[in-house]
Structure formats: structure tokens, C-alpha cells
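sharing a model prediction with you, sequence too.
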Amino acid sequence: MRSVAGSVSSSTFALVFSDFKEITKAKLALSVLFSSIAGYFLGAYQIDFYEVFLLAFGGYCMVGASNAYNQVIEKDLDALMKRTKNRPIPAGRMSVNTALAIAIAMTLMGVVALYILNPKTAMFGAISIFLYTSVYTPLKTKTPLAVFVGAFPGAIPFMLGWVAATNDFGIEPGTLFMIQFFWQFPHFWALGWMLDDDYKKGGFKMLPTGKKDTGTAVQIILYTILMIVISIMPVFGFTGRLVLSVPAAALILVCGLVMLFFAFKLYEKRDNVAARRLMLASVTYISVIQIIFVIDKMLS
């Protein structure tokens, strides 16, 4: 009997843990943490692993809270879409009150952890939650400008790491912010292109023209070019302590041109396969260039 009870208990825990990962979007949160920690390594004069832990814990809490609030607000719309109908709330595995309690608890823990680092980091973390839940989320069903608004909280993590390391906001974290800001447009519009039919079921307006057309593809190309320009700007020496060697800048330029190639392919093909390839290229791009930035700093 004990083994049966133990098996049921462990199975229940696995389900609860799985739902927690889903309500906080664990994979997305971890990718955000990667950006934050990369920003910390770039800004820090020396690595303090206690600070890295606080940044990782606080950052996960802030992203997890944003996602939980989002799923509470959009629970009825999530039930309409194939991609989201099995999320914990629309599927009935988690109550709204439980999700809200998780979101509030994670907000408080996240703000406290980031405040221990320094007040500026906590402030930017709180701003990102507010913009994501109170501005971006409601706008998604009203206007394609939601993606522009959502790019602000989405661009904070890379910058946040630098601020966590230095307690300072200047040209360096501003540049990191702009890199991730411009990156989000081709990334999310490629995702929006792939999921357009599903998004329409929920009433979401994610593409800039509202359609999978030439206009959207052209805007994706333009924002990709802007992203490439901002990404290599530190090589010219006017972004303060944020610098790039010529070989590192050349590598980042090549990565950007690969992504631009996939953006042109989407313009040419205008189908979901091309959109998926661009989306995957964008995910690879942002991770790889952050690694290049960090390695280049360590080698210099």
C-alpha cells in the first residue's frame, strides 16, 4: 500500500510541477535568464556568484509572474486556441486564484531579490512586469502595435544584467537594450506568421499589417537590418565599456546576415516553413551573439 501511495504522491507532484513550469513558461523564463546573466558578465568588473544567484532567482520570479498574470488575463482566449487550450487554467487543472497567488508571490520574491542586488534592478524588473501585463497583454487583441509595446519589457533582460552588476544605467545597458529591442520584431513577427490562424481564433493582432503579406515581410527585413547595425556598433568604440573586437564584430555580422538571409527567404516564399526557419534563426542569433560578447570580453 505504501508503494502505491508513494507512486500516486510522486505522480501528483510531477503533475503539479509540470503545471507550475507551464504557468510560469519555464523554457521562456530560462532563455530570459540567459540574457540577464550574459548582461551581468558583460557589466561586472568581477563575477560575484551570490549576485548571479539573486539575479537568476529574481529574474525567474519576475518572468514567471508576468507569464502567470498573462495566463490569468487571457484564460478565456487561451481556451479558443489549439496552442494554448491545454494550459493549466483553460484545461481546468489550476484555478484562477491559485495562478494569481503564484503570480503575486513570485512578484514579491522577485522584487525583493532584485532589490537586494540594487534598487535600479528592482525598478526595471517591476517596470517589465507592469508593461507586459498591463499594457502589452490587453493591446494584443486591439492593435498590432502591441508587439512594439511588448518589445520594451522583452528588451529589458539583457540590459538588466548590466544594471545588476553596476547599479548604473548608461550607454552600455542602453545599447544592450536596443539590440534585444530590435531583435524582437523579426522574432515575434516570424512567430506570429507561423501561428496567425491560431492567433486569429483568440482575436490577437500580432502581424504589423494584420496579414501574412509583403508589407509584413518588408518590415521584418528592415528591423533585422536595424538589429544588425546596433549589434555591431560597440566595435566603433563609442558605447563606453561595452566594446567588441573586430573579429567578434565580424562574427556577429555574419550571424546577422544569416538571419537576414532567412528574412529575405520569408519575403520570397511567404509561407509558414520560411517563417519557422526565420524564427529558429532568430533564437539562435540572440543566444550566439550574447555568448560572443561575453567571450570577447573575457579574451580582451
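Cool, the structure landed. Note that the structure is a prediction, hence the values are computed from the model and not measured. Residues are numbered from 1 along each chain as shown.

can you map out the strands along the stretch 151-300 of the chain?
Taking DSSP state E, counting those that start in this stretch to define them, one finds no strands in the stretch 151-300 of the chain.

quick check, Leu28 in contact with Gly64.
No. Assessed by C-beta atoms under 8 Å, Leu28 is found out of contact with Gly64, at 9.3 Å. All C-beta atoms are positioned from the backbone trio N, CA, C, and that covers glycine.

mind listing the shared neighbours of these two?
Counting by C-beta atoms under 8 Å, 6 or more residues apart in numbering, Leu28 and Gly64 have no common neighbour.

of the two, which one has the most company?
Neighbour count, other C-beta atoms under 10 Å: between Leu28 and Gly64, Gly64 has more, with 26 against 13.

got the contact list for the residue nearest to the more buried one when sequence neighbours are not counted?
In space, and not counting its chain neighbours, Gly64 is closest to Thr24: 3.2 Å by C-beta to C-beta, 6 or more residues apart in numbering. Thr24 sits next to Tyr60, Val63, Gly64, Ala65, Asn67, Ala68, Ile102, Met106 when contact means C-beta under 8 Å, 6+ apart.

okay, the second one: pLDDT?
What the model reports as pLDDT for Val63 is 92.

tell me the domain ranges of the chain?
Using automatic domain parsing, the domain ranges for the chain come out as 14-169, 170-300.

all helices of the stretch 201-300 of the chain, in order?
All helices of the stretch 201-300 of the chain, identified by DSSP state H, counting those that start in this stretch, fall at 214-232, 246-269, 272-299.

point to the helix or strand of this protein where mean pLDDT is at its lowest.
None of the helices or strands of the chain scores lower by mean pLDDT, DSSP states H and E than helix 2-23, at a mean of 69.

tell me the helix or strand right after it.
Beyond helix 2-23 on the C-terminal side, the first helix or strand identified by DSSP states H and E is helix 26-43.

elements contacting whichever helix or strand comes after that next one?
Using DSSP H and E, the helix or strand that follows helix 26-43 towards the C-terminus is helix 49-73. For helix 49-73, the contact count by 3 or more C-beta pairs under 8 Å, 6 or more residues apart in numbering; DSSP states H and E identifies helix 2-23, helix 26-43, helix 96-117, helix 119-130, helix 137-139, helix 146-166 as packing neighbours.

if we use 10 Å, what do you get?
Applying 3 or more C-beta pairs under 10 Å, 6 or more residues apart in numbering; DSSP states H and E, we find helix 49-73 packed against helix 2-23, helix 26-43, helix 75-78, helix 96-117, helix 119-130, helix 137-139, helix 146-166.

just for the stretch 101-250 of the chain, where's the confidence low?
Applying pLDDT under 70 to the stretch 101-250 of the chain picks out no residues at all.

tell me how far the residue nearest to Gly64 lies from Pro88.
10 Å (C-beta to C-beta, to the nearest Å).

hang on, Leu176 packs against Thr166?
No. The pair formed by Leu176 and Thr166 falls short of the contact definition of C-beta atoms under 10 Å, at 11.7 Å.

ok, the two, which is more surrounded?
Neighbour count, other C-beta under 10 Å: between Leu176 and Thr166, Leu176 has more, with 30 against 20.

all set, thanks.
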